[in-house]
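1. Next come a sequence and a model predicted from it.
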Amino acid sequence: MATPLFGGLKYSDSVTVVGISLCITVIYEAISWLFIYRTASYKSLKSSVDKSSKQLEQNTESTTASKAERTE
């Protein structure tokens, strides 16, 4: 007679696995913040990317506007 694949698991086992996963995720995010996101090099790189993104957006808008003027 075949037994169900997850027949031995109980509801409390599932809750325990989810709880451990959440705890590990919180610990990982805290370590990431500590060693990555609060460093000066990350902040300078982020501001550089933000500036480049704004410049790209402005260039895209001006290119789109100039194409629209040529088609009229």
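-> Great, that's in hand. Note that the structure is a prediction, hence the values are computed from the model and not measured.
2. low-confidence ranges in this structure?
-> Scanning the chain for pLDDT under 70 picks out 1-9, 72.
3. One more pass at 90, please.
-> Low-confidence segments of the chain (pLDDT under 90): 1-14, 61-72.
4. Spatially central, which residue of it would that be?
-> E29 (11.3 Å; Cα atoms, centre = their mean).
5. From the chain's centroid, how far away is the longest helix seen in the chain?
-> Longest helix in the chain by number of residues (criterion: DSSP state H): helix 40-71. The chain centre lies 22 Å from the centre of helix 40-71; the measure is Cα atoms, centre = their mean, to the nearest Å.
6. Equivalent analysis for stretch 26-44, please.
-> 13 Å.
7. List every C-alpha atom in that stretch, with coordinates, as CSV.
-> Only the C-alpha atoms of stretch 26-44 are listed here, as CSV (Å, rounded to 0.1, in the frame of the first residue of the first chain):
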residue,chain,number,x,y,z
VAL,A,26,16.5,39.0,8.4
ILE,A,27,20.1,38.1,9.5
TYR,A,28,21.3,38.1,5.9
GLU,A,29,19.7,41.5,5.2
ALA,A,30,21.3,42.9,8.4
ILE,A,31,24.7,41.6,7.4
SER,A,32,24.3,43.0,3.8
TRP,A,33,23.3,46.4,5.2
LEU,A,34,26.3,46.4,7.6
PHE,A,35,28.9,45.4,5.1
ILE,A,36,27.5,46.8,1.8
TYR,A,37,24.8,49.5,1.9
ARG,A,38,26.3,51.8,4.6
THR,A,39,29.8,52.0,3.1
ALA,A,40,31.0,55.2,1.5
SER,A,41,32.0,53.5,-1.7
TYR,A,42,28.5,52.1,-2.2
LYS,A,43,26.9,55.5,-1.6
SER,A,44,29.2,57.2,-4.1
